[in-house]
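1. got a sequence here, can you model it:
(2 chains)
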Amino acid sequence: MYGPELDVGKSNLSHLFSERALTGETMILNMGPQHPSTHGVLRIVLELDGEEIITCIPDIGFLHSGIEKNMEAKRYEQALVMTDRMDYLNNLGNNLAFCLALEKLVGLDVPPRAQVVRVLLAELQRISSHLVWLGTHANDLAAMSMLLYCFRERELILDIFELVSGQRMMTSYFRPGGLWRDLPPEFEDTVRAFLKIFPGRVDEYEGLLTHNPLYVERTKGIGAISAEDALNLGLTGPPLRAAGVPLDLRKMRPYSGYETYDFDVPVDDRGDTYARYIVRIEEMRQSVRIVEQALDKLPDGPFRSSNRKFVPPPRSELGRSMEAVIHHFKLWTEGFKAPKGSVYMPVESPRGILGCFMEGDGTAKPLRVHFRTPSFANLQALPAMSEGHLVADMVAIISSLDPVLGDVDR
Amino acid sequence: MKPIEEGIKHLREQAGNYVRKETTFLDSPAFEIAAEGIVEVCRNLNEGPGKFDFLAALTAVDYFPDRPRFKVVYELLNSSQPDLLRLEVLLDESEELDSISAVFPNANWHEREVWDMFGIPFRNHSDLRRILMPQDWVGHPLRKDYPLGYEEVQFSFNFDEIDRRKRYAKE
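-> Just a heads-up that it's a prediction; the model follows:
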């Protein structure tokens, strides 16, 4: 079927396969973009010798929707709405990266209440993202009951997001200067109710998987990577911390007040799929700690900056103040302008380092917005992790890296 | 001295001839590097006392129609220190750049993305193919002279005009 020129997908990939593929001794298998276990539209071209993977070539771009190009045609606040849709399991985290970069670029202040709420909701988003990961990861390894248990807890978190912003997922709740609107009065009780039951549920999940011989057999030693290789290959987030490198931007370059919270960063040194599972479970517990502390210390005050050059005035002011009307008019017709210059703001998303590179050019539209997304960088390490393993381990390794294709392709 | 300052001093001493300009924007140091020295500078920062062992980001900006047209931005991080160091390389339209994947292997996919989106070729890259766009795509989408690209809405007043231009599926 494949002659000496390996023409797979209209591009000559023969330089990537081994010579045995050219003679037909090994088989080329396409783990196509439509697949129940690739966590999205990820295509992997595998060269197999029986069941063993010789070469693994990821092919991405099936979910590319030109978000970065589109942002260049929109004003900053309009571009913010597009960030939710990149890593669609970490909407608030994407908002946060964009808002922090923008606030750094224009020099906008964020009131303390908004900072605490941002941390609180970002950590809830982290828990929700890890729950999806856990459910789908266990589902891929045939522990199918986990899927609905995790999604049951995630529903509680999505209810909280709907309470604050009206939207379950694509919230766009974090705006430049703070939050879109203040927290509703039922917020605290709802979050406390969630925090009361959640640690018990995490224990239940651990009871199902951590010492389960079937699970351990499928994940111990699979996809192992050393700390040095992990750093060289650009891994960040739980895969890197599971390989032994304690790199967490919340501790190393704290933003939005993270230095005032007391939490640990779980690190494991085995570097395999099982270690990544342990690290993420523990991260969920630590996020609960942060949410509790944030809820206890939630200060009163404004929820958004009062710098009217960037933040529109509330409607009640429009009837009383001419300056408010002028600011409203300028912001709605032209939008605020960012100075010339560029910033790079990395934050810690549930998948790793999410960096927002923003360059302004003095107009209301950004010159360039680039997101250094963790899933894109982590996926680069997939061939190194999976070559030498069996095809069945491929599924375990992909899901342990936790790629979200919206994050990979943007 | 903080590791970043030591690293910068080492850079100035050993590879300072490649550094064209030093800037600081919002207390973040940035160095403009000559295109032919980028691998040397990266190696210097990686192996020097600054120990910048992680490439956090690699991206490009298009300044069309200004010249130089492209700016390639590298963000380096020391995995145990909070400081970020930025390197910038200004390039003209069809200038090539050396790949730094010998120093930072994770630059591989980032450089493929820059090639795909901007058309900046990297020398000595092991596998310079398109990564996000389909393999047979023509054009480099993130360039400023590439259209945003959307389908024109077919109202009744321009129905026939669009009908003539529109490509329908063959029978």
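2. can you map out the helices along chain B?
-> B:3-15, B:38-47, B:107-118, B:159-165 (DSSP state H).
3. how about the strands of chain B, start to end?
-> In chain B, the strands defined using DSSP state E lie at B:19-24, B:29-33, B:54-62, B:70-77, B:84-91, B:97-98, B:122-123.
4. so which of those strands comes closest to chain A?
-> Of all the strands of chain B, it is strand B:54-62 that lies closest to chain A, at 3.9 Å by CB to the nearest CB. Every C-beta, even on glycine, is put in place using the N, C-alpha and C of the backbone.
5. where in chain B is pLDDT low?
-> Low-confidence segments of chain B (pLDDT under 70): B:1, B:169-171.
6. next: chain A.
-> Across chain A, the ranges flagged by pLDDT under 70 are A:1-12.
7. can you name the residue of it nearest chain B?
-> Closest point on chain A to chain B, by CB to the nearest CB, is A:Gly234, at 2.7 Å.
8. what about that residue, helix or strand, and which?
-> Per DSSP states H and E: A:Gly234 is located in neither a helix nor a strand.
9. where's the nearest residue to it once chain neighbours are set aside relative to B:Lys144, distance?
-> Counting by CB to CB, 6 or more residues apart in numbering or on different chains, A:Gly234 lies nearest to B:Asn106, which is 2.7 Å off, once chain neighbours are set aside. B:Asn106 sits 28 Å away from B:Lys144, going by CB to CB, to the nearest Å.
10. who has more neighbours, those two?
-> Shown here are B:Asn106 and B:Lys144; by other CB atoms under 10 Å in any protein chain shown, B:Asn106 has more neighbours (24 against 15).
11. thought the more buried one was touching A:Asn378?
-> No: assessed by CB atoms under 8 Å, B:Asn106 is found out of contact with A:Asn378, at 9.6 Å.
12. find residues that contact each of the two.
-> Contact with both B:Asn106 and A:Asn378 is made by residues A:Gly234, according to CB atoms under 8 Å, 6 or more residues apart in numbering or on different chains.
13. contacting residues around residue 115?
-> Picked chain A for this. A:Ser256, A:Gly257.
14. my bad, the chain I had in mind was chain B
-> B:Trp115 makes contact with B:Pro121, B:Phe122, B:His125, B:Leu128, B:Arg130, according to CB under 8 Å, 6+ apart.
15. can you flag the buried ones in those residues?
-> Using 16 or more other CB atoms under 10 Å in any protein chain shown as the burial test, the contacts of B:Trp115 include B:Phe122, B:His125, B:Leu128, B:Arg130 as buried.
16. what segments of chain A are strands?
-> For chain A, strands defined by DSSP E occupy the ranges A:27-31, A:43-49, A:52-59, A:174-175, A:178-179, A:341-349, A:352-360, A:368-372.
17. return the nearest residue of chain B with respect to chain A.
-> Residue nearest to chain A within chain B (CB to the nearest CB): B:Asn106, separated by 2.7 Å.
18. residues near A:Ala242, how many?
-> Neighbours of A:Ala242 under the rule other CB under 10 Å: 30.
19. what sits against the nearest residue to it once chain neighbours are set aside?
-> Nearest non-adjacent residue to A:Ala242, counting by CB to CB, 6+ apart: A:Ala275, 3.9 Å away. Applying CB under 8 Å, 6+ apart, we find A:Ala275 in contact with A:Ala242, A:Ala243, A:Asp268, A:Asp269.
20. ok, now A:Val132?
-> A:Val132 makes contact with A:Leu89, A:Cys150, A:Phe151, A:Arg154, according to CB under 8 Å, 6+ apart.
21. what is the burial count for the last one?
-> Under the neighbour criterion other CB under 10 Å, A:Arg154 is assigned a count of 20.
22. just the first one next, same as before
-> Around A:Leu89 there are 23 other residues, counting by other CB under 10 Å.
23. who's in contact with the residue nearest to it when sequence neighbours are not counted?
-> Closest residue in space to A:Leu89, ignoring its immediate chain neighbours: A:Ser129 at 4.5 Å, by CB to CB, 6+ apart. Shown in contact with A:Ser129 (CB under 8 Å, 6+ apart): A:Leu89, A:Asn90, A:Gly93, A:Pro350, A:Arg351.
24. what about A:Ser129, distance to A:Leu195?
-> Distance, A:Ser129 to A:Leu195, using CB to CB: 17 Å.
25. quick one: end-to-end distance for stretch A:342-358.
-> End-to-end span of stretch A:342-358 (CA to CA, to the nearest Å): 5 Å.
26. go on, stretch A:60-69?
-> End to end - CA to CA - stretch A:60-69 spans 18 Å.
27. and it, which residues are buried?
-> By neighbour count on 16+ other CB under 10 Å, the buried set for stretch A:60-69 is A:Ile60, A:Gly61, A:Phe62, A:Leu63, A:His64, A:Gly66, A:Ile67, A:Glu68, A:Lys69.
28. next one: stretch B:44-51
-> Quick answer for stretch B:44-51 (16+ other CB under 10 Å): B:Asn44, B:Leu45, B:Asn46, B:Gly48, B:Gly50, B:Lys51.
29. can you tell me which of the residues you listed lies nearest to A:Met394?
-> B:Asn46 (31.9 Å; CB to CB).
30. hmm, B:Ala102 and the closest one touching each other?
-> No: counting by CB under 8 Å, B:Asn46 does not reach B:Ala102; the two are 10.2 Å apart.
31. thinking again about what came up before, check the buried residues of stretch B:44-51 against chain A, which are close?
-> The subset of these within reach of chain A, by CB under 8 Å from any CB of the partner chain, is empty.
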